[in-house]
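S.K.: attaching a predicted model along with its sequence, questions to come.
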Amino acid sequence: MHIVFAAGGTAGHIEPALNTADAVRRLDSSVSISFIGSERGLESELVPARGYPLVTTAAVPFPRRVSTDLLRIWPALSSSVRTARAHLRSSQARVVVGFGGYAAVPGYLAAWRQGVPLVIHEANATPGLANKLGARLTPHTASVVAGVLPHSRSMGMPMRRSITSLDRMSAREGARDRWGIPMEAPVLLVFGGSQGAARLNSALEQALPDLLAAGIVVVHSYGTRNQEPASMPGYFPVPYIADMAEAYAVADLALTRAGAMTCAELAAVGLPAVYVPLPVGNGEQRLNALPVVNAGGGLLVSDQELTPEWLRAAVPQILHDEQRLISMSRAASDFGDRNSDERMARWILSVGEMSGKRGDAAA
């Protein structure tokens, strides 16, 4: 069986696709896997790094809404669809699996034109145009938030094994030793993705002296494109954290944006968080965080409300309240889903098997 994954643009689309591909291989090592994506997106780096072949198509920026702009991109899109169709034919693809992003659209349309079953997973509470389009072409859809795609089944976010297998309490002592952080210190983890988050960085910079004075240790991923802050006792600034599982084990509370993967990982490992949704797009980040916040596993603070004054008042109060942290951690953990990668993989394999049986019968 050959399975083709279609995803691209951002890590939020590519990472769950890669995690699902890894799960497929664990379940059935005889399955071959390839990816279709754009020549410019992060997939050109992330996919080969995980050991999967990538077939690239021309990058065709997609409009955010259905409009006459779609007509303008059709010539370039048609060329990308032809490339994708050629790959489906040559690989004898049994199923195409999409995780969204404009780079996935050629794969979706190619699957439809070739009659190859299409499986789509939507991570966000507000689906993008690519998955809205793809959902019209297939009965096989899944979503983290129920009902955001037509006839979708409930399916959590496929995550890395290093995250889903993490026991924070068991890993804490070793992780803190490696960072040089005392076991008894309350730790705030601040991160905003690989490029950082300007609002989080600015508010933290101004509140930092008071947080340190309150006995709080701060681990801060400030972003690879930003200037390095001055380190000081109790403050650990790094441009990027490669091992997020270890960072989660170190921390007692996170301060972060609310991307779908971030929300899923924090809930899975049971780390309480202050979510500050990025105030752009369709408000999907706020909707991503809302379920775990409503369950009691975190707080939701708007971008405008996140001020140095808010941090000075709220963060020490939370981190010095052990029972509150325990309660929030349990609530997040109860809400989290650690097995979505394998559930997604089993579903994809079953669709592929049914596709193969239909092909054999036709032959």
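M.R.: Nice, thanks for sending it over.
S.K.: give the contact list for Trp347.
M.R.: By C-beta atoms under 8 Å, 6 or more residues apart in numbering, the contact set of Trp347 is Val119, His140, Ala142, Arg153, Met155. Yep, even glycine has a C-beta here, placed from its N, CA and C like the rest.
S.K.: I figured Ala332 hits Val292, correct?
M.R.: Yes. The criterion here is C-beta atoms under 8 Å, and Ala332 meets it with Val292 at 5.8 Å.
S.K.: mutual contacts of the two, please.
M.R.: Contacts common to Ala332 and Val292, judged by C-beta under 8 Å, 6+ apart, are Leu266, Ala267, Gly298.
S.K.: count the residues that sit near Ala185.
M.R.: 14 (other C-beta atoms under 10 Å).
S.K.: picking up where we left off before, just the buried ones from the contacts of Trp347?
M.R.: Val119, His140, Ala142, Met155 (16 or more other C-beta atoms under 10 Å).
S.K.: helices along this structure, start to end?
M.R.: Under the criterion DSSP state H, helices of the chain are mapped to 11-27, 43-49, 69-91, 105-114, 129-135, 161-164, 168-179, 198-213, 244-250, 260-269, 284-294, 308-319, 322-335, 340-362.
S.K.: what's the shortest one in contact with?
M.R.: Contacts with helix 161-164, where a contact means C-beta under 8 Å, 6+ apart, come from Asp22, Asp243, Met244, Ala245, Tyr248, Glu265, Ala268, Val269, Arg338, Asn339, Asp341.
S.K.: can you name the two of those residues that are farthest apart?
M.R.: Asp243 and Asn339 (21.9 Å; C-beta to C-beta).
S.K.: for Leu208, list the residues it contacts.
M.R.: Counting by C-beta under 8 Å, 6+ apart, Leu208 makes contact with Val218, Tyr235.
S.K.: pLDDT (mean, whole number) over stretch 314-333?
M.R.: Mean per-residue pLDDT for stretch 314-333: 97.
S.K.: start to end distance for it?
M.R.: 22 Å (C-alpha to C-alpha, to the nearest Å).
S.K.: what do you get for stretch 301-311?
M.R.: 11 Å.
S.K.: what of stretch 250-270?
M.R.: 13 Å.
S.K.: ok, stretch 308-327 next?
M.R.: With C-alpha to C-alpha, one end of stretch 308-327 sits 26 Å from the other.
S.K.: list the buried ones in that stretch?
M.R.: For stretch 308-327, the buried set under the neighbour-count rule, 16+ other C-beta under 10 Å, comprises Pro308, Leu311, Arg312, Ala314, Val315, Pro316, Ile318, Leu319, Leu325.
S.K.: residues in contact with that stretch?
M.R.: Contacts for stretch 308-327 (C-beta under 8 Å, 6+ apart): 186-188, 203-204, 206-207, 210-211, 214-216, 252-253, 255, 272, 274, 296, 299, 301.
S.K.: same question, stretch 73-91
M.R.: Contact with stretch 73-91 is made by 2, 4, 6, 32, 34, 36, 55, 57-58, 60-63, 93, 96, 105-107, 109-111, 113-114, 116, as judged by C-beta under 8 Å, 6+ apart.
S.K.: in it, what's buried?
M.R.: Those buried within stretch 73-91 under the rule 16+ other C-beta under 10 Å are Ile73, Leu77, Ser80, Val81, Thr83, Ala84, Arg85, His87, Leu88, Ser91.
S.K.: what's the pLDDT at the fifth one?
M.R.: Looking back up the chat, that one is Thr83. At Thr83, pLDDT is 96.
S.K.: before we move on, the earlier item: farthest pair within the buried ones among the contacts of Trp347?
M.R.: His140 and Met155 (10.9 Å).
S.K.: number of residues surrounding the closest residue to Ala254 other than its chain neighbours?
M.R.: Spatial nearest neighbour of Ala254, chain neighbours left out: Ala273 (4.0 Å); criterion: C-beta to C-beta, 6 or more residues apart in numbering. Residues near Ala273, counting by other C-beta under 10 Å, number 26.
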